[in-house]
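A.B. asks: Pasting the sequence and the predicted model now:
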Amino acid sequence: MAYQKRNVTRRGFLKGVAAATAGVMIVPRNVLGGEGVTPPSETFGGALIGCGGRGGGTFGELSKDLKVVKLADCDVRFKDRADNNKIYTDFRRVMERKDIDLIAIATPPHWHALISIAAAEAGKDVLCEKPMTRTIAEGRAVVEAFQRYGRIFQVGTFGRFGMSRSKDNILIHKIMRSGLLKNNPGVYFHRGGLKVKEWSGKTDQPIRPVPANLDWDLYCGPSPLKPYTPTRHGGTHRWYWDYESGGLTDMGQHLLDPINWLFGKDDTSPVEVEASAPPAHPEVTGMWGWIKLKYADGFTMVLESAEWGEPSGMKPRSVKLTDLSEADQKTVLAMPDPEPLRTFAEAVKTRKLAGGHPEAACRTVTLLHLSNIAIRTGRRIQYDPVKEQIIGDAEANRLVNQPMRAPWHL
Amino acid sequence: MAETKNLAEWVNSMPELDPAVADKNDPSKKNRTDEFKLTGPKWGEAQKAYDAILLGGPENIMSLIGMLSEGNDPARYKPRYALHGLALYVCRAGKEKERAMLVGTLASQLGGDRAKWSQAILVRELEWAGNKDAVAAVGKLMLDDEIGDDAVRTIVAIRDGAAEQLRAALGNAKGRRRLAIVQALGVIGDAGSVAALKAAAGDGDAEVRQAAVWGLANMGEASAVDLLIKASDAVGWERIKATKACLVAAEKLTAAGKKAEAGRIYKHLAETRTDKSERYVKEAAEKAMAPK
């Protein structure tokens, strides 16, 4: 038996794509583009890429407070029924359509960045499920793409919207953003709820024939083309480093995205990361006990799984106005409140950043990726949040920007 | 013989997986999620095993390689897990000698008669622990249809010395192998690859063309501006990707102080993306050209 099997030859696939594309009806594009404001009455063409699991919910979030007509569903499991008109297997064909303005992405995470970037390149706005990306470099590439093309991006987690409405939280946010707290004593501490064992992988699952409806090569995409095992897709993709990287990445963006807003860390990352975990398996995710993420100002985030090993020994410590001198307290109290966060719909209409914009989402997901790098290497990580590189550990740094399988690249 | 037995004991000291559910028909166990899952040793415990295995030198590593098995059998996960643990462990500061030994031994097993599945595992471990000393051995596998992708991935991860290997392999690469190598040259971005990428930008295969065009853009290659502009006049997906390549190249050229070359790209995009559906590109180009 050959080590890898492919269902379709690459040339055959491209040939089929070209033939299918020729039959697509191109309707004049609606709006979008420019700094102008979109009329509230506007109707948008929408598409859902990744139609299982969260797909329906994600498209619902995309359509909230917007008039959206769904023009396309795209999923690698539609190989047996794709018509390249309303049903697609290959997202590239969706990107070519000029009548689609908004894209909801609910694929497994190893596709999030590439499809988000492709959508920006094709002039479309995006609501993308969490986690935003599978690597740190992917996050930066998404930020750059949406800046380059002036498109709107919102990550599919919304806890920061509620978090940013409380007066107490706004005060903490202002204390942190003021930069006046030089030796920050704050510790954000969270224990449990990260589905560590639930989304730890089963090793060595049996190899099976690829189902007829599944384009396995396209599913694997930028990740290595591995022999098909049913657990590698359909929810249990979370077990694998190749696609999602466990419960931490699955749940972490929900948990930490509001926290990143609260503590004013939407534009930076920790400088030191340490994890307590057993040596990692090369293919599947595993257990971990705790993770400490320390910022340059001293502020620390601590996650405890409560599922493995000993506790971290850390305790929560809130950030208070009284941590500042009297003069600095006055400065903070005189600061204007932050602008209310824009929903995806508001951002699409005004062409201004959404609350879960690319930079914020990138910084949150970076926390998860740094944590996983510390878990996977078994080493304490020093990180440069400006260059977005691991310092003094070239081998750990290989995980920041992992090579992609051609033709996929950032 | 004693050494081999010792190795087996150390490998076996890796913890058992959580047990499989004994009775699949027992409703009380239906929702269990822990069968065949890895609990893992603490690093302190694992290190004892790693140190002992490494102490046995290349012979132990060879024996461990011999314990790897094809296919997916949860009961036989330990040798693979132990080998990966070694690859992680030797990357720690102070383990340079052990790393050289491990990398050298893994690399020595590539390209020969060893089964492809086994070589694939070794190549993947070299993605973690490999260095320039492994590049030539891994490079030999880049044209292999079964493990070529793994080899290219590892070469790109190592980087040091990769460009020469990739260029050397390109001449004999066809189809998917050629695409992977062209893309890798673009990722590495070595100045010595410009000519090869320019040639590939005219390839008959659209994906090879796109990879080459992107590679030149990624390098901010000033001599490729005309080529990039020409590529951007394609249609469909290729037009979207070539337009991105143009914008990326222009950003890099601007950053390198080559504003005239960047300006040519922006001007072309501003003049050609006049259709409503491409207005966002025109605006992106005009914004980039506007005085700061």
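C.D. replies: Nice, I can see it. Residues are numbered from 1 along each chain as shown, chains lettered A, B, ... in the order given.
A.B. asks: okay, CA-based contacts and neighbour counts for the rest of this
C.D. replies: OK.
A.B. asks: In chain A, which residue sits closest to chain B?
C.D. replies: In chain A, no residue comes nearer to chain B than residue A:204, which is 4.2 Å away by C-alpha to the nearest C-alpha.
A.B. asks: residue ranges with poor pLDDT in chain B?
C.D. replies: Scanning chain B for pLDDT under 70 picks out the ranges B:1-5, B:19-36, B:75.
A.B. asks: Now find how far off-centre the lengthiest helix in chain B is within its chain.
C.D. replies: Determined from DSSP state H, the single longest helix within chain B is helix B:236-255. Distance of helix B:236-255 from the chain centroid (C-alpha atoms, centre = their mean, to the nearest Å) equals 23 Å.
A.B. asks: Please list all residues in contact with the closest residue to chain A within the stretch 1-150 of chain B.
C.D. replies: At 4.2 Å from chain A, residue B:72 is the closest residue in the stretch 1-150 of chain B, using C-alpha to the nearest C-alpha. Contacts for residue B:72 (C-alpha atoms under 8 Å, 6 or more residues apart in numbering or on different chains) come out as A:203-207.
A.B. asks: Could you turn the buried ones of the residues you listed into a ChimeraX selection?
C.D. replies: A single ChimeraX command selects the buried members of these (16 or more other C-alpha atoms under 10 Å in any protein chain shown):
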select /A:203,204,205
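A.B. asks: residues touching residue B:187, list them.
C.D. replies: So residue B:187 contacts B:156, B:215, B:218 (C-alpha under 8 Å, 6+ apart).
A.B. asks: among these, which are within reach of chain A?
C.D. replies: By C-alpha under 8 Å from any C-alpha of the partner chain, the members of the contacts of residue B:187 lying near chain A are residue B:156.
A.B. asks: Between the contacts of residue B:72, which has the least confident prediction?
C.D. replies: Lowest pLDDT among those: residue A:204, with 78.
A.B. asks: That residue and residue B:74 touch, don't they?
C.D. replies: Yes. Taking contacts as C-alpha atoms under 8 Å, residue A:204 lies within contact range of residue B:74: 5.1 Å.
A.B. asks: residues in the stretch 301-410 of chain A within reach of chain B, list them.
C.D. replies: Residues of the stretch 301-410 of chain A lying close to chain B by C-alpha under 8 Å from any C-alpha are A:377-379, A:395, A:398, A:402-407.
A.B. asks: would you list those in JSON lines and tack on pLDDT and neighbour count?
C.D. replies: Shown next, in JSON lines, are these (pLDDT from 0 to 100; neighbours: other C-alpha atoms under 10 Å in any protein chain shown):
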{"residue": "A:377", "pLDDT": "98", "neighbour count": "24"}
{"residue": "A:378", "pLDDT": "97", "neighbour count": "23"}
{"residue": "A:379", "pLDDT": "97", "neighbour count": "20"}
{"residue": "A:395", "pLDDT": "97", "neighbour count": "20"}
{"residue": "A:398", "pLDDT": "98", "neighbour count": "19"}
{"residue": "A:402", "pLDDT": "97", "neighbour count": "20"}
{"residue": "A:403", "pLDDT": "97", "neighbour count": "24"}
{"residue": "A:404", "pLDDT": "98", "neighbour count": "21"}
{"residue": "A:405", "pLDDT": "98", "neighbour count": "21"}
{"residue": "A:406", "pLDDT": "98", "neighbour count": "25"}
{"residue": "A:407", "pLDDT": "98", "neighbour count": "17"}
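A.B. asks: So which of those residues are in helices?
C.D. replies: Per DSSP H, the subset of these in helices is A:377, A:395.
A.B. asks: about what we covered before: relative to chain A, which of the contacts of residue B:187 is nearest.
C.D. replies: Taking C-alpha to the nearest C-alpha as the measure, chain A lies nearest residue B:156 of these, at 6.5 Å.
A.B. asks: What's the local residue count around the closest one?
C.D. replies: Neighbour count of residue B:156, defined by other C-alpha atoms under 10 Å in any protein chain shown: 25.
A.B. asks: Any idea how far the one helix or strand it maps to is from the middle of the chain?
C.D. replies: Residue B:156 is part of helix B:148-158, with elements assigned from DSSP states H and E. In terms of C-alpha atoms, centre = their mean, the centre of helix B:148-158 is found 4 Å from the chain centre.
A.B. asks: which is the next helix or strand following it?
C.D. replies: Next element after helix B:148-158 (DSSP H and E): helix B:162-170.
A.B. asks: Can you list the buried residues in that next one?
C.D. replies: Neighbour-count burial for helix B:162-170 flags B:162-167, B:169-170 (criterion: 16+ other C-alpha under 10 Å).
A.B. asks: Which strands or helices does that helix pack on?
C.D. replies: Packing partners of helix B:162-170 (3 or more C-alpha pairs under 8 Å, 6 or more residues apart in numbering or on different chains; DSSP states H and E): helix B:132-139, helix B:175-188.
A.B. asks: Need the winner for burial among those helices.
C.D. replies: helix B:175-188 (a mean of 25; mean count of other C-alpha atoms under 10 Å in any protein chain shown).
A.B. asks: got the angle for it vs helix B:162-170?
C.D. replies: Counting by axes from the mean of the first three to the mean of the last three C-alpha atoms, to 10 degrees, helix B:175-188 points 160 degrees away from the direction of helix B:162-170.
A.B. asks: Could you export helix B:175-188 as PDB, CA atoms only?
C.D. replies: Provided in PDB are the C-alpha atoms of helix B:175-188 (Å, rounded to 0.1, in the frame of the first residue of the first chain):
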ATOM      1  CA  GLY B 175       4.200  17.900 -11.400                       C
ATOM      2  CA  ARG B 176       3.500  18.300  -7.700                       C
ATOM      3  CA  ARG B 177       7.100  17.900  -6.800                       C
ATOM      4  CA  ARG B 178       8.000  20.900  -9.000                       C
ATOM      5  CA  LEU B 179       5.300  23.000  -7.500                       C
ATOM      6  CA  ALA B 180       6.400  22.200  -3.900                       C
ATOM      7  CA  ILE B 181      10.000  23.100  -4.700                       C
ATOM      8  CA  VAL B 182       9.200  26.300  -6.500                       C
ATOM      9  CA  GLN B 183       7.000  27.400  -3.600                       C
ATOM     10  CA  ALA B 184       9.700  26.500  -1.100                       C
ATOM     11  CA  LEU B 185      12.200  28.600  -3.000                       C
ATOM     12  CA  GLY B 186       9.800  31.500  -2.700                       C
ATOM     13  CA  VAL B 187       9.400  30.900   1.000                       C
ATOM     14  CA  ILE B 188      13.200  30.800   1.600                       C
END
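A.B. asks: Please compute how far that helix lies from its chain's middle.
C.D. replies: The chain centre lies 11 Å from the centre of helix B:175-188; the measure is C-alpha atoms, centre = their mean.
A.B. asks: Quick check: residue B:213 vs residue A:47, distance?
C.D. replies: Counting by C-alpha to C-alpha, to the nearest Å, the gap from residue B:213 to residue A:47 is 29 Å.
A.B. asks: So for those two, which sits in the more crowded spot?
C.D. replies: A direct count of neighbours by other C-alpha under 10 Å for residue B:213 and residue A:47 places residue B:213 higher, at 30 against 27.
A.B. asks: tell me which element residue B:203 is part of?
C.D. replies: Using DSSP H and E, residue B:203 falls within no helix or strand.
A.B. asks: Settle this for me: it is touching residue B:210, isn't it.
C.D. replies: No. Using C-alpha under 8 Å as the test, residue B:203 is too far from residue B:210 to be in contact (9.2 Å).
A.B. asks: Helices of the stretch 1-150 of chain A, start to end?
C.D. replies: With DSSP state H, counting those that start in this stretch as the criterion, the stretch 1-150 of chain A has helices at A:10-22, A:55-63, A:91-95, A:112-121, A:136-149.
A.B. asks: Go through those and pick out the most buried.
C.D. replies: By mean neighbour count, with neighbours taken as mean count of other C-alpha under 10 Å, helix A:112-121 ranks first of the helices of the stretch 1-150 of chain A at a mean of 25.
A.B. asks: Now do the same contact list for the closest residue to residue B:158 other than its chain neighbours.
C.D. replies: Distance criterion C-alpha to C-alpha, 6 or more residues apart in numbering or on different chains; nearest residue to residue B:158, sequence neighbours excluded, is residue B:131 at 5.7 Å. Neighbouring residues of residue B:131 by C-alpha under 8 Å, 6+ apart: B:103, B:158, B:160.
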